[in-house]
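A.B. asks: Pasted the sequence and its predicted model underneath.
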Amino acid sequence: MSKNAGAVRVASVNVNGIRAAYKRNMPDWIDARDADILCLQEVRAPDAILRELIGEGWFILHAEAKDKGRAGVAVLSRAEPTAVREHIGEEYFAQSGRWVEADFTMADGSTLCVVSAYVHSGELNTQKQEDKYRFLERMNVRLVELKNEKDHVLVVGDLNVVHTHKDIKNWKPNHNKRAGVMDEEIAYFDGFFGPQIGYTDVARQLAGPEAQGPYTWWSFRGQAFDNDAGWRIDYQMATADLAAKAIKSHVDRASAYDLRFSDHAPLVVDYQF
């Protein structure tokens, strides 16, 4: 995907552990992708390890999880952020490693706030699912706050919910039976993308409302990848003026199972400023 002059490329991927991803072909992907901003989820490594692996040439904002080997989100950028915030604003999630915000001043003088987010995967009838709903509820508040404060807001990451039947290959066997496909979860996304909160699902906007997928996650188990039995659970959610600047979107699905560096594929979008 070639990049236009003046375009800002934002890439996001759940790396499923940065150390494991780097042992595969993630460095080659980074070198080839020419991203201006790269957001990571499930870093699952100490800050020093992340910085050692990424190397020079990036400003790195990283929110580690208190629990070792869990979660962790980061915003990597070629330009230095003007301000950063390391959690979603509720003390319960302060050390969860699931939300980090970075502000940037764009060429036109506007402020762009980029959020790297990792919503809980959840598990029905457990505390994990209750935490997921609590986090989604807090997102309702924070998304509105940011929209009211910033010129442009972009929330990217692994949000662990499919919004419609177009976002999962096997809808019927999973709908209201598995976390990520529950109507109660989906209702939050109806709100995020509805008139009250007012964000745009950028990949869906560019793919079209009738397109199936494009999926961003396939289980490592069985033949899910080879059969393209995927889920679209990684998003770039933009406020209206920013969504209007989105010109290209691509899911960097590996060409073969053994070339994957994660069970997620990166979602890459260009915004023309």
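C.D. replies: Structure received.

A.B. asks: Need the per-residue pLDDT for the residue lying closest to Arg70 once chain neighbours are set aside.
C.D. replies: Of all residues not flanking Arg70 in the chain, Arg44 sits nearest, at 6.5 Å (C-beta to C-beta, 6 or more residues apart in numbering). Backbone N, C-alpha and C define where each C-beta goes, glycine included. For Arg44, the model assigns a pLDDT of 98.

A.B. asks: So what's the residue count around Arg44?
C.D. replies: Residues near Arg44, counting by other C-beta atoms under 10 Å, number 23.

A.B. asks: hang on, it packs against Val73?
C.D. replies: No: contact criterion C-beta atoms under 8 Å: Arg44 and Val73 do not qualify, at 10.5 Å.

A.B. asks: hang on, the earlier thing: who are the contact partners of the residue nearest to Arg70?
C.D. replies: By C-beta atoms under 8 Å, 6 or more residues apart in numbering, the residues touching Arg44 are Asn16, Gly17, Ile18, Arg19, Ala65, Gly69, Arg70, Ala71, Gly72.

A.B. asks: Same list (the residues you listed) but as TSV, adding neighbour count and secondary structure.
C.D. replies: Listed next are the contacts of Arg44 as TSV, based on neighbours: other C-beta atoms under 10 Å; DSSP: H, G, I helix; E, B strand; the rest coil:
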residue	neighbour count	secondary structure
Asn16	19	coil
Gly17	17	coil
Ile18	23	helix
Arg19	13	helix
Ala65	18	coil
Gly69	10	coil
Arg70	15	coil
Ala71	20	coil
Gly72	29	coil
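
A.B. asks: quick one on the thing from earlier: from Met1, how far out is the residue nearest to Arg70?
C.D. replies: Distance of Arg44 to Met1, computed by C-beta to C-beta, to the nearest Å: 28 Å.

A.B. asks: same thing with Ser12?
C.D. replies: In terms of C-beta to C-beta, Ser12 sits 14 Å off from Met1.

A.B. asks: who's more crowded, those two?
C.D. replies: Comparing Ser12 with Met1 by other C-beta under 10 Å, the one with more neighbours is Ser12, at 28 against 12.

A.B. asks: who does Ser235 bridge with?
C.D. replies: Slight slip there: residue 235 is Tyr, not Ser. Gly157 (DSSP bridges).

A.B. asks: number of nearby residues for it?
C.D. replies: Tyr235: 28 neighbours (other C-beta under 10 Å).
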